[in-house]
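Engineer: for reference, the sequence and a predicted model appear below.
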Amino acid sequence: MNERNAVISILRGTVASVGLDHIDIVVGGIGFRVHVTPAFAQGASRDQEMTVFTSMIVREDSMTLYGFESADERDVFTKMLSVSGIGPKIALAALAVLRPDDLRRAVRDQDLSTLQRIPGVGKKSAQRMALEIGDKLGTPAALPGAQTAAAPAPTEDAVASEVSAALVGLGWSEAQAAKAIEKLAGSGLGASDMLRAALVTLGGGRG
């Protein structure tokens, strides 16, 4: 299926709703659904004015917006799409597991074990990524960039349901999602943190 990037690169508007893996943002009276990482969604709130750096993927039967906190994240996402076998879902999942500079280091050092933490990336895909991206991502900066923790969801069942839906949306089967969530039962994690933990658990499971 043909796939290409369109020209919507930035949106600024009011957040109308927030999901585990997306936000709905209203710009000039028009609502846009933007797919984002769990950490991005965690930091957004309803009625917040927000600027989102975006990449719009146009296919024959769909148009999908992916959103990022910075132009750097968006550029890393776009460059990852140049790797054969890496689509937008995997590229977004990479930024859910690794910060841009962590990804740069892994590619630079050909750290396949770190690259295989990305959902949908096995050894062969990690090798292709290291070879095909090469130094296109640039040099990692020496900035730590810590992230905040998520607030827990009301019940464990509600968290599990949200995380399962997000994992299936990222391309995992319901059975794989259930198995990963089962391993985290009783952990007390909120939805965003549980999703990140499940992504790490599932990361090495494909080839």
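Structural biologist: Sure, I can see it.
Engineer: need the three-state assignment for residue 161.
Structural biologist: Assigned by DSSP: H, G, I helix; E, B strand; the rest coil, the conformation of residue 161 is helix.
Engineer: tell me how many other residues crowd it.
Structural biologist: 14 (other Cβ atoms under 10 Å). All C-beta spots, glycine's among them, are computed from the backbone N, C-alpha and C.
Engineer: got a pLDDT number for it?
Structural biologist: pLDDT for residue 161: 80.
Engineer: same question, the one 3 residues further on
Structural biologist: Residue 164 carries a pLDDT value of 83.
Engineer: does it lie in a helix or a strand, and which?
Structural biologist: Element membership for residue 164 (DSSP states H and E) is helix 156-169.
Engineer: and that helix, what's buried?
Structural biologist: By neighbour count on 16 or more other Cβ atoms under 10 Å, the buried set for helix 156-169 is 156, 159, 160, 162, 163, 164, 165, 166, 167.
Engineer: kindly report the same for stretch 63-83.
Structural biologist: 64-69, 72-81, 83.
Engineer: mind checking which of those land in strands?
Structural biologist: Residues of the buried residues of stretch 63-83 located in strands (DSSP state E): 64, 65, 66, 67, 68.
Engineer: okay, helices next: where are they in this protein?
Structural biologist: Secondary structure of the chain by DSSP state H: the helices cover 38-42, 71-80, 88-97, 100-108, 112-115, 123-133, 156-169, 174-183, 191-202.
Engineer: pipe those into a markdown table and attach distance to residue 7 per row.
Structural biologist: Below are the helices of the chain laid out as a markdown table (distance: least, Cβ to Cβ, whole Å):
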| stretch | distance to residue 7 |
| --- | --- |
| helix 38-42 | 22 |
| helix 71-80 | 13 |
| helix 88-97 | 16 |
| helix 100-108 | 22 |
| helix 112-115 | 30 |
| helix 123-133 | 23 |
| helix 156-169 | 25 |
| helix 174-183 | 35 |
| helix 191-202 | 30 |
